[in-house]
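J.: Predicted model and sequence follow; I will ask about them next.
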Amino acid sequence: MRFESQLLKGIAPTVVLEILSRGEMYGYQLSDAIEGRSENVLTLGKGTLYPLLYNLEAKKLIKGKWKESQNGRKRRYYSITGKGRAELAKQKQQLSDLRQGLDLVFGPAMSPA
Amino acid sequence: MDRSSDKKTIENLPKSAQEFIKLVIKKMGYRKSIRRDVQAELTAHFEDELRDCTDEQQRQQKTQRLIEQFGDAKLLGILLRRAKKRCRPLWRTVFVRTLQVIGVLILCFILYVVWFLIGKPAVTVDYIAEVNQLVRPVADESLNAMPLFDKAVAACPNLPDRNAAIWKKPYADMNETEKETVSDIVRRCSTSLQLIEQGVQKPYCWPEYSTKPDSDGSMFSVLLPNLSDFRNLSHILCFRAQIQVADGQYTEVFNSLITCYRFGRMIKQGEKTLVEKFVGIAIEAVAIGNMRRIMQHYEIDTPRLAQFQQEFEKACADEDFTTDMTLEKYLVYDEIQRCFTDDRFGGGHLYLKRLAGSSEVSWPNIAETAILLKYLLTQPNKAQTKEQADVLYDFIEETSKMSPAQLREQCEKGIDLNKQVESIIKGNLFLGVLMPAFGAVHRIDYRIKTDIHSVPVIAAVLRFKADTEQYPQDLTELQRAGYIHEIPIDPFSDKLIIYKKTDEGFILYSVGLDYKDDGGVLGTNNEGEKWIWADEGDAVFWPVQK
């Protein structure tokens, strides 16, 4: 199942922050990780990935740094900042609240009609 | 990131990937270092994606898929640029914005200066033609004295230079050789003097202003070629009177002097340039001075004196002594159209070339250019200057109706003429340069008025003395006895002209340019000589000082 792109756009920053909260990654890894960990439910368009990373960087939620990767090539690694962690916690709380609300509306066993 | 390694890495990618990345970077259009970073990051992404490909076909397929996943290169470029711009630190944003604003301002300034400098004046009005129309009354040319005066100059060529000693010396002080020279000049100029005598009988005197064919046609270049000779001819008229007086021909003497006075009056009367007015006043002053000297040094019988007084009073009746600035205003209008750019180009600002006074303007250094530009950009424009000129000349005309004493009174109350003028022109450099020294012009007008009005009084006092064998106690007695119609007012005090009986006779004077009664004591000029209109002391008309 592919997540509706418009819906994903809203939660994409939170997803990226969540992934990066577990360790620093470069762009390709991050894209891979999102798809892998969500079992391809969440797919972040490549055209969205880098602008999103730069926007998060501009907001100082993440920071990027050129480093040598394991295979010896230079990659720009992104890591979450303190501000990013605080924002992530806030977003997670909002998602949790949203989920509770949705459960109340649709019932715990939410399934397509 | 290292630039050479970037280049090498991207070259390892399939051509389609290279083109895509380059297109994205091109569309991004941002700072070079940022673009290099983004390019490296995108290249790395493609590299990682293609890492596990085993053959070329698979590489190509994966590349194509990834390009599709990235989407439109142009849109991606724009999104990347926006995102990267947000990454800029605040100081950098402020710095860049400030530079942009300064750049825009400099550009606007350059455009303004260029727009300003390309403007040129447009001479649309022939003010000389307008002035010629203005000064000419509705009268036949035969009623104009000026052609006769011009003929008088032409009929008396090879006069001594204007600076020659004979023009400056009273006839009585000349030695025999000089007197002979003067007699010769008078003889040679008899036709000229006759022409002047004919001219002063005419009711009008108007010139036809013109310029040299090779001039710029401005009012500044108007030719007034005969003015200097007019002054010489006035002296020759007075020389003739001096020669006649020695022969006892008093009627002819006074006729010559009244002719000289009328000549001066005609040169200056009506709407004339300031130069013409000054020459006219100078000629009048020569006549008046000679009249007073002759009355002092010669015993003239009462009937002749009475006749002279009557004729002179008739000649100077209704003379207007107020300052007419009409032609000066036209001169300023003419210069405005030549010194300011046309309103359509250059915004009607001061025109550098005309101001510099030549068609070849050099730009010597930045400092001077900056000063010039400052003036050019901050000075009132064409319309404002014309408006200020109108107000200024209206003010001058109104003020010229006030006597020097009234102006002095205003000044004592703190209403300073110069400050009033300054408040009108508001630092307008152009008007400041072109504006005549109005205060001086005003005083000269009233000086000659006082001089002229002194003559009939002197003649009347001398007649009274001859008739009664005593001088009048005061001018009221003279008036009561019918010798004068009215007692002249001294415009420098706004009181009656001062007459005092003395042991030797009488004294008649104005308080003069210092506005205070110094008891009839003359002041001195810059050379220390006694001078009738010195800055200090009184203007003593009688007794005549040597």
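T.: Received the coordinates, thanks.

J.: So B:R136 is in contact with B:W206, correct?
T.: Yes. Under the criterion of CB atoms under 8 Å, B:R136 makes contact with B:W206 at 5.2 Å. Where C-beta positions appear, they are placed from N, C-alpha and C, glycine not excepted.

J.: more neighbours, those two?
T.: B:W206 (22 against 15; other CB atoms under 10 Å in any protein chain shown).

J.: Now do the more buried one against chain A, distance only.
T.: B:W206 sits 84 Å away from chain A when distances are taken as CB to the nearest CB, to the nearest Å.

J.: Contact partners for that residue?
T.: B:135-137, B:144, B:146, B:270 (CB atoms under 8 Å, 6 or more residues apart in numbering or on different chains).

J.: contacting residues for the residue lying closest to it once chain neighbours are set aside?
T.: If you skip the residues right next to it in sequence, B:W206 has B:V135 as its closest partner in space, 4.8 Å away by CB to CB, 6 or more residues apart in numbering or on different chains. Applying CB under 8 Å, 6+ apart, we find B:V135 in contact with B:206-207, B:209, B:270-272, B:327.

J.: same thing but 10 Å
T.: Shown in contact with B:V135 (CB atoms under 10 Å, 6 or more residues apart in numbering or on different chains): B:146, B:204-209, B:270-273, B:326-327.

J.: Kindly report the same for B:A152.
T.: For B:A152, the contact set (CB under 10 Å, 6+ apart) comprises B:145, B:189, B:191-199, B:226, B:229-230, B:233, B:236, B:263.

J.: Please identify which of the contacts of B:V135 is nearest to B:E252.
T.: Comparing those against B:E252 with CB to CB places B:C205 closest, at 23.5 Å.

J.: Could you report the pLDDT at the closest one?
T.: Predicted confidence (pLDDT) at B:C205: the value is 94.

J.: number of nearby residues for residue 99?
T.: Because you didn't say which chain, this covers chain A. Counted with other CB under 10 Å, the neighbours of A:R99 add up to 11.

J.: oops, chain B please
T.: What B:L99 shows, counting by other CB under 10 Å, is a neighbour count of 10.

J.: what about it, distance to chain A?
T.: 21 Å.

J.: Please report phi then psi for the residue in the stretch 151-300 of chain B that chain A sits nearest to.
T.: As assessed by CB to the nearest CB, chain A sits closest to B:D216 within the stretch 151-300 of chain B, at 65.7 Å. Dihedral pair for B:D216: phi -80, psi 0, per degrees, to the nearest 10.

J.: residue contacts, the closest residue to B:V123 other than its chain neighbours?
T.: Nearest-residue entry for B:V123: B:Q337, 5.6 Å, with adjacent residues in sequence omitted and distances by CB to CB, 6+ apart. Residues near B:Q337 by CB under 10 Å, 6+ apart: B:121-125, B:127, B:218, B:382, B:386.

J.: Which ones among the contacts of B:A152 map onto helices?
T.: Here DSSP state H is the test, and the contacts of B:A152 give B:191-199, B:229-230, B:233, B:236, B:263 as lying in helices.

J.: can you list the weak-confidence ranges in the stretch 401-546 of chain B?
T.: Within the stretch 401-546 of chain B, the segments meeting pLDDT under 70 span B:546.

J.: all helices of it, in order?
T.: In the stretch 401-546 of chain B, the helices defined using DSSP state H, counting those that start in this stretch lie at B:404-412, B:417-425, B:429-434, B:438-468, B:475-480.

J.: helices or strands next to the last one in the packing?
T.: Counting contacts by 3 or more CB pairs under 10 Å, 6 or more residues apart in numbering or on different chains; DSSP states H and E, helix B:475-480 packs against helix B:438-468, strand B:498-501.

J.: same thing but at 8 Å, please
T.: helix B:438-468 (3 or more CB pairs under 8 Å, 6 or more residues apart in numbering or on different chains; DSSP states H and E).

J.: For the helix it packs on, buried residues please.
T.: Within helix B:438-468, the residues scored as buried using 16 or more other CB atoms under 10 Å in any protein chain shown are B:438, B:441-464.

J.: now swap in stretch B:201-218 and tell me
T.: B:202, B:204-207, B:209, B:217-218.

J.: Take those and write them to CSV, including secondary structure.
T.: What follows is those, written out as CSV (DSSP: H, G, I helix; E, B strand; the rest coil):
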residue, secondary structure
B:K202, coil
B:Y204, strand
B:C205, coil
B:W206, coil
B:P207, coil
B:Y209, coil
B:G217, coil
B:S218, coil
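
J.: tell me which parts of the stretch 201-350 of chain B are close to chain A?
T.: Proximity of the stretch 201-350 of chain B to chain A (CB under 8 Å from any CB of the partner chain) involves no residue at all.

J.: quick one, helices of the stretch 201-350 of chain B?
T.: Under DSSP H, counting those that start in this stretch, the stretch 201-350 of chain B gives helices at B:227-246, B:250-268, B:274-297, B:302-316, B:326-339.

J.: Tell me how far stretch B:457-469 lies from the chain's centre.
T.: 46 Å (CA atoms, centre = their mean, to the nearest Å).

J.: Using PDB, write down the CA coordinates of it.
T.: In PDB, the C-alpha atoms belonging to stretch B:457-469 read as follows (Å, rounded to 0.1, in the frame of the first residue of the first chain):
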ATOM      1  CA  VAL B 457      15.800 125.100  -4.900                       C
ATOM      2  CA  ILE B 458      19.300 126.500  -5.500                       C
ATOM      3  CA  ALA B 459      18.100 128.600  -8.400                       C
ATOM      4  CA  ALA B 460      15.200 129.800  -6.300                       C
ATOM      5  CA  VAL B 461      17.400 130.700  -3.400                       C
ATOM      6  CA  LEU B 462      19.800 132.600  -5.600                       C
ATOM      7  CA  ARG B 463      16.900 134.500  -7.200                       C
ATOM      8  CA  PHE B 464      15.400 135.300  -3.800                       C
ATOM      9  CA  LYS B 465      18.800 136.700  -2.800                       C
ATOM     10  CA  ALA B 466      19.100 138.700  -5.900                       C
ATOM     11  CA  ASP B 467      15.600 140.100  -5.500                       C
ATOM     12  CA  THR B 468      15.600 140.800  -1.800                       C
ATOM     13  CA  GLU B 469      19.400 141.100  -1.100                       C
END
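
J.: and the nearest residue to B:F254 once chain neighbours are set aside, what does it touch?
T.: Spatial nearest neighbour of B:F254, chain neighbours left out: B:F308 (4.1 Å); criterion: CB to CB, 6+ apart. Shown in contact with B:F308 (CB under 8 Å, 6+ apart): B:250, B:254, B:258, B:291, B:300, B:459.

J.: Isn't the fourth one up against B:Q309?
T.: No. Proximity of B:M291 to B:Q309 does not meet the contact threshold set by CB under 8 Å, at 10.2 Å.

J.: Which residues are in contact with each of those two?
T.: The overlap between the contact sets of B:M291 and B:Q309 (CB under 8 Å, 6+ apart) consists of B:V455.

J.: Looking at the two, which is more packed in?
T.: Taking neighbours as other CB under 10 Å, B:M291 and B:Q309 compare with B:M291 leading, 28 against 22.

J.: who's in contact with that one?
T.: B:M291 neighbours (CB under 8 Å, 6+ apart): B:254, B:257, B:261, B:308, B:312, B:455.

J.: and if you look at B:Q64?
T.: B:Q64 neighbours (CB under 8 Å, 6+ apart): B:S16.

J.: for stretch B:188-195, which positions count as buried?
T.: Neighbour-count burial for stretch B:188-195 [16+ other CB under 10 Å]: B:189, B:192-193, B:195.

J.: same deal with stretch B:532-546?
T.: For stretch B:532-546, by 16+ other CB under 10 Å, it's B:532-534, B:537-544.
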